[in-house]
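> turn this into a structure:
(2 chains)
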2 protein chains.
Amino acid sequence: MAGTTAQPTSRTRSWWGWGWTDAHPDDAECVAMGALLPGTLARPLPVPRIRDLGIGAPAVAPPPSLAHVLTADPRDRAAHARGKAYRDVVRALRGRPGRVPDLVARPTDDREVADLLDWAGERGIAVVPYGGGSSVTGGVEYRGDAHRAVLSLDLTAMGRVLEVDTAGRAARIQAGTLGPSLEDQLRPYGLTLRHFPQSFEFSTLGGWLATRAGGHYATGRTHIDDFVQSLRVVTPAGTNDSWRLPASGAGPSPDRLFLGSEGALGIITEAWVRLQARPRHKASAAVAFADFGRALEAVRALAQCDLAPANCRLLDAGEAAMAGAAHDGHAVLVLGFESADGPVTDRLRGAVDLARSYGGRPGDGGEDGAGAGGGSGDAAVGAWRSAFLRMPYLRDGLVRMGAVAETFETAATWDRIPALIDAVRTEVGAAALGATGHPAIVNCRLTHVYPDGAAPYFTVLAGGREGDEVALWDDLKAVAGEVLHRHRATITHHHAVGRDHRPFYDRQRPEPFALALRAAKGALDPRGILNPGVLVD
Amino acid sequence: MAGTTAQPTSRTRSWWGWGWTDAHPDDAECVAMGALLPGTLARPLPVPRIRDLGIGAPAVAPPPSLAHVLTADPRDRAAHARGKAYRDVVRALRGRPGRVPDLVARPTDDREVADLLDWAGERGIAVVPYGGGSSVTGGVEYRGDAHRAVLSLDLTAMGRVLEVDTAGRAARIQAGTLGPSLEDQLRPYGLTLRHFPQSFEFSTLGGWLATRAGGHYATGRTHIDDFVQSLRVVTPAGTNDSWRLPASGAGPSPDRLFLGSEGALGIITEAWVRLQARPRHKASAAVAFADFGRALEAVRALAQCDLAPANCRLLDAGEAAMAGAAHDGHAVLVLGFESADGPVTDRLRGAVDLARSYGGRPGDGGEDGAGAGGGSGDAAVGAWRSAFLRMPYLRDGLVRMGAVAETFETAATWDRIPALIDAVRTEVGAAALGATGHPAIVNCRLTHVYPDGAAPYFTVLAGGREGDEVALWDDLKAVAGEVLHRHRATITHHHAVGRDHRPFYDRQRPEPFALALRAAKGALDPRGILNPGVLVD
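Below is the predicted model of the structure:
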C-alpha cells in the first residue's frame, strides 16, 4: 500500500505545494511574477529535501493486523502533515514541517476504517481524516500534543463508484474518490455529479461532504449538501447508515449533522449522491461594467429571475485584469448556461439583455459566439477559466518569491455586500501595507450568487516580511476575520473552518448549537480522537 | 389573552375536527357520504359538548408573573389536547379527551417564552409547543404521566411579519404566524413565501419549520427547509440565534438541527425566510393516462428535465375519480407552471408533449386554455384543487359516519416506487378488509416528484368497527408502517413523526445519529420538559 493510491497516475503530487510537481512554475517564472509585486525576493526560495526535514521515527508502531494499510514513509508523512494554505506552503518551504503524522493509513474498506478507529481509540492516537489534502484552513493538520501519536487517515484507496442507478440518476461512491476519477467512472453512463470546486483535481467526494464544499456553478444546485441521498459514516460509536431517499421529513436530517462535520464526528466512507445528465448545450458570454455597484445590482437581478445561469461570476477590475479578462478598469461578468435538454442561447441572450439594462457592455463576440455544443463565446471567458485553474500554482510561485498570497471567501445577504467588499478592500489593504511596508493588491470576485445574497471571494497579494511570514499571515487573517464578523458575513462559504477559522467560527456559531454539537461529539467520539481541535474541543 | 388570538377572525375553529366550524359538512351531507362506503353508520355521531367532556381543574396554577399569558379555559384546553388525525377526531367525537393540558399559554414575545420554559422547568411541567394544531401524527398531544402538569404553548399570539428586506427578498417572521396572515402581510411588498401545504390555513411558520413541512409545489423549492436564512430558537439552555446568511459552509448547519426537531430541542420563535416575487404568469393542464406505470415514467422524465413544473401531481384512477378529475378509470397528471418573469405556455406545452410521448392524452382545452394571467386550463385541474382543500372536512364527515379515513405519505427512490405503491394497495387494503369485513378504498397520488424519486400519498377509506375505531386505526397504521419500512420508504415525507410514527422513525433513524440527537437533547433540555415522547426519550 505504502506510497501508492487506488487512483494511480504517472504524475507526482507535490508534498509541499499545490497539485502536480510538473505543473509548478519554474524558477524563471517565479522571478517574473515576483517582479510584479514590490517587496518580494530576488530569487525564489528553494524547495527543501525530505531528508533535510528532520522527520523522526514514528511514536507508535503499526499493529500486525493493520500493517498492510499503514506506512511510516517520511515523504508520505511530510505530504500528509498539512494542507495547502499559504501558511502551510511557507512553513514547508522554510523546512519547518511541525508535527508530522506518525503513520499514514490507506484503508480499503469500512471494516479497516473501523479497525483503525478501534486501535487508535485504545491507544489514544489522534485520527486526522485526509482526502485530497487540499484544505486551506488547517483542516488536515494536527496541532498540540494531547495525543501520544497522530494517524493520518487517507481515504484515497477507497476510490470507486460502487453502484449506478441510471433511471434514478444516482450513484453509490466511495468517499476517497478524487474528482477526475469520479467523473471518469460516471462518464460511460452519460451522467455527471457536476460538482467542480476549484480543487476538483485534488479533492475527494468525502472531503467535499465533510466540508460542505461549493461547486463552481453560480446558481442552483452547487453545494454538495444538496446532492446527498444518503451517507455512510464510520464513528467510534458504530456505523451510521442513512436511508437512500429523495426527501424525508422524519426528524432533523441525519445527513446534515455529518455534512460539514470535518472529520470531528466520524469518517464518511461512502455516499449515494444525485447525478445529472451530462450537459450537451452550452453558451457563455462576458459583460463589462464601468460601475461595480451597478454590476452588483445586475447579478442580483440575474439571481432573482428564472434564467438560472450555470456561471454568473462577477470579477472586479483588479480580478479581471489579473485573469486577463479585461485591462481597462472594467469589472467583468462571466455568464454561462448549460443544459442537457436543449439550446440555451435564448437564456444567455435574456441574461445579457438584463445585464445591459444595468449598464453592462457585452464583450466582442460574447453573445453571437454562444451556441449549442458549447465553448466560450468570448476570449475573456476563456482567459478567466484558464487562470482559475492555474491560480493555486501561481500562488505557490509567489510564495517562493517571499510574497504574501492569501485568498478567503464568505457569504452575506445583499444588503451587506457593498459595504462588506469596501471594508475588506480598505481594512485588509491597510493592514497589509502597515505590516509589510508595501502596497497590497486586494481583489474581489463574486463566485456564487443567490436570490438573497452572494459569496464574495478575495485575493490578497503583497510583498512579504522575510522570515516572519506565518505571523504576518496570521495577523492579516485576523484582520480579515474581524471585518467579516463585523459585517455578519460567514467565516466561510466553501473553504471550511478547519483550525485556522476556528476562533471566528466559535463566535459565529450560536451557543446552544455549540452545546448540542459538543454533546453529539461526546456521544460519537467519547475518547476525543477524531480530528482534535476541529469544530469543538 | 384567554380565548383570543393575535390573528382574529369572525369564524370559529372547531375544537374537535378540522378547520372552521361553519365549513363542516352538515348531517345530511355526512349521511350522503356515508352511503358511498359499506359498513358505515346510519346517522352521524353527534359532536359532544365541552361541558360533557369531564375536564377537571388544572393540576397547576398560573404564577402571577405569567398569569396574563395563561388560561385554564376548558374549551381552549380541549382544543389544544390533540391534533387532527383520524385518531384524534374519533376520540373527541367519542367524548374521550384523554389528558388535556392543564394550561394553555399564548406568549407574545421571546422573553415570555423563555420565562414559561424556566417556570415549567422548575416545576417539572411538560411543554408541548402548538402552532396551528394541524398535526396528524400526535405531535401536539401529551401522552403518559411522567410530568406533574402539561402546558400547551400556543405561539399564535406571535403572528407578525417583523421586517421585510425587499431587495434581498427575505422577511423576519414570528413563528406563530398562520399561513393566510403571513401572505396577507407580505402582499403589499409584492412578495410571497409561496409555501402552501394542504394545512396552509391552519398551520404556522413555526409548525412548518419544526416539522420540515412540504409545500404544495411539486418540484424545486418546496420544502420549508430551503427557505430558511436563519432561526431564533428559545431553549432551556439559552436562545439560539443563527446568522442571516444566503449560504455558509461553517460546520454542520445549526438551523438543520432545529428543522424537524418537532419542539423537542427548543421553541422556534422567529425566522428569516427567503421570499419570491409573486407569480404573474400561470398555466395548467391535465393529462390522462390509461397505464399508471407509463404515467410514472412520464413524471420521472418531467422531474429530470429542465422544465420545472410548479405542479406535477399524478392521481391514480381512484384518486382522480374521487377528486372529480376523471371518471373513466384513467390516471390523471395535473400540470402547472408559474413565473413572475414571463409567460410559461412554452414550458407547459413542452411538458404536455413529453407526457404525450409516454402515452398521455391531454384533456379538452388543457393546453389551449393555458395562458398568462393564470387560471385553470382544464376542468380536471380546477376540480382537483377544490377537492384538495375540502378533503380534511370531508374526512371528518366520514369519521362522524363511523368510517375509517386515513391518509399517509412517504418518499422513496424511483426504483422502489412501483412495487411500493402496489404493496401498499394490496397489503393495507387486505388489512382493512380483514379488520372491518368491508372492502377498502386505497388511492394513491404522487404529491412531489424529484429527479431521484417521488412522494406517494395514500388515502384509505373503509367502513369502521364501531366503538373500536382507535384500535382499528392503530392496526392499519402499523401495517402501513411495516410496508413502508420493508420498501425503505421514509415514514414521513411531510407529515412529521410526532408520536404516531415514532416506532418506525426509531427503526429508520441510524443508531449513531440517535445517540447524537439524544445527547443534543440532554444538553439543550436537561430537565426533559420539551414535547416529551417526541423523537427521543
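> report pLDDT for the residue located most distally from the centre of chain A.
Going by Cα atoms, centre = their mean, the residue of chain A most distant from its centre is residue A:64, 35.9 Å out. pLDDT, residue A:64: 97.
> show me what counts as buried in the helix or strand harbouring residue A:294.
Element membership of residue A:294, judged by DSSP states H and E, is helix A:292-304. Using 16 or more other Cβ atoms under 10 Å in any protein chain shown as the test for burial, helix A:292-304 gives A:292, A:295-300, A:302-304. For every residue, glycine as well, the C-beta is placed using N, CA and C.
> so how far is that helix off the chain centroid?
Averaging C-alpha coordinates over helix A:292-304 and over its chain gives two centres that are 25 Å apart (Cα atoms, centre = their mean, to the nearest Å).
> same check, this time on stretch A:171-181
16 Å.
> start to end distance for that stretch?
14 Å (Cα to Cα, to the nearest Å).
> pLDDT (mean, whole number) over it?
Per-residue scores along stretch A:171-181 average to 98.
> and that stretch, which residues are buried?
A:171-179, A:181.
> what's the answer for stretch A:132-145, then?
Per 16+ other Cβ under 10 Å, stretch A:132-145 contains these buried residues: A:132-142.
> number of nearby residues for the one residue in the stretch 151-300 of chain A that gets nearest to chain B?
Nearest residue of the stretch 151-300 of chain A to chain B: residue A:246, at 2.9 Å (Cβ to the nearest Cβ). Neighbourhood size, residue A:246 [other Cβ atoms under 10 Å in any protein chain shown]: 24.
> which residues of the stretch 351-500 of chain A fall in strands?
Using DSSP state E, counting those that start in this stretch, the strands of the stretch 351-500 of chain A run over residues A:361-362, A:371-372, A:404-409, A:412-413, A:441-450, A:453-462.
> now residue A:470: closest residue in space, sequence neighbours ignored.
Residue nearest to residue A:470 in three dimensions, not counting chain neighbours: residue A:87, with 5.9 Å by Cβ to Cβ, 6 or more residues apart in numbering or on different chains.
> can you redo the strands of the stretch 351-500 of chain A as TSV with distance to chain B?
Shown next, in TSV, are those (distance: least, Cβ to the nearest Cβ, whole Å):
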stretch	distance to chain B
strand A:361-362	20
strand A:371-372	14
strand A:404-409	9
strand A:412-413	5
strand A:441-450	4
strand A:453-462	3
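> show me what the helix holding residue A:294 packs onto, helices and strands only.
strand A:281-289, strand A:311-315, strand A:331-339, helix A:345-356, helix A:417-423, strand A:441-450, strand A:453-462 (3 or more Cβ pairs under 8 Å, 6 or more residues apart in numbering or on different chains; DSSP states H and E).
> closest one to residue B:127 among these?
strand A:453-462 (34.7 Å; Cβ to Cβ).
> pLDDT-wise, which helix or strand of chain A ranks last?
strand A:371-372 (a mean of 32; mean pLDDT, DSSP states H and E).
> can you pull the contacts of residue A:54?
Residue A:54 is in contact with residue A:97, counting by Cβ atoms under 8 Å, 6 or more residues apart in numbering or on different chains.
> how near is it to chain B?
According to Cβ to the nearest Cβ, to the nearest Å, residue A:54 and chain B sit 35 Å apart.
> what does residue A:392 give?
Taken as Cβ to the nearest Cβ, the span from residue A:392 to chain B is 18 Å.
> list the contacts of residue A:272.
Counting by Cβ under 8 Å, 6+ apart, residue A:272 touches A:170-173, A:228-230, A:244.
> excluding chain neighbours, what is closest to it?
residue A:229 (3.9 Å).
> thought that neighbour was touching residue A:253?
No: between residue A:229 and residue A:253 there is no contact under Cβ atoms under 8 Å: 11.6 Å.
> to what extent is residue A:438 buried, counted in neighbours?
There are 18 residues near residue A:438, going by other Cβ under 10 Å.
> list the residues that contact it.
A:37-39, A:432, A:462-463.
> emit the ChimeraX select command for whichever of these are buried.
Only the buried entries of the contacts of residue A:438 go into this ChimeraX selection, using 16+ other Cβ under 10 Å:
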select /A:37,39,432,462,463
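> which of the contacts of residue A:438 sits closest to residue B:524?
Using Cβ to Cβ, residue A:432 comes nearest to residue B:524 of those, at 42.3 Å.
> grab the nearest non-local neighbour of that closest one.
residue A:440 (3.4 Å).
> now residue A:361
residue A:288 (4.8 Å).
> touching, that neighbour and residue A:329? I think so.
No: judged on Cβ under 8 Å, residue A:288 makes no contact with residue A:329 at a distance of 9.7 Å.
> ok, these two, which is more surrounded?
Neighbour tally, residue A:288 and residue A:329, criterion other Cβ under 10 Å: the higher count belongs to residue A:288, 23 against 11.
> against residue A:218, how distant is the more buried one?
18 Å (Cβ to Cβ, to the nearest Å).
> do I have it right that residue A:448 meets residue A:410?
No: in this structure residue A:448 lies outside contact range of residue A:410 using Cβ under 8 Å: 10.8 Å.
> need the residues touching each of the two.
Here residue A:448 and residue A:410 share the contacting residues A:455, A:493, scored by Cβ under 8 Å, 6+ apart.
> which one's more surrounded, those two?
Neighbours per residue (other Cβ under 10 Å) separate residue A:448 from residue A:410, with residue A:410 holding more: 32 against 26.
> contact partners for that one?
A:420, A:455-456, A:484, A:489-493.
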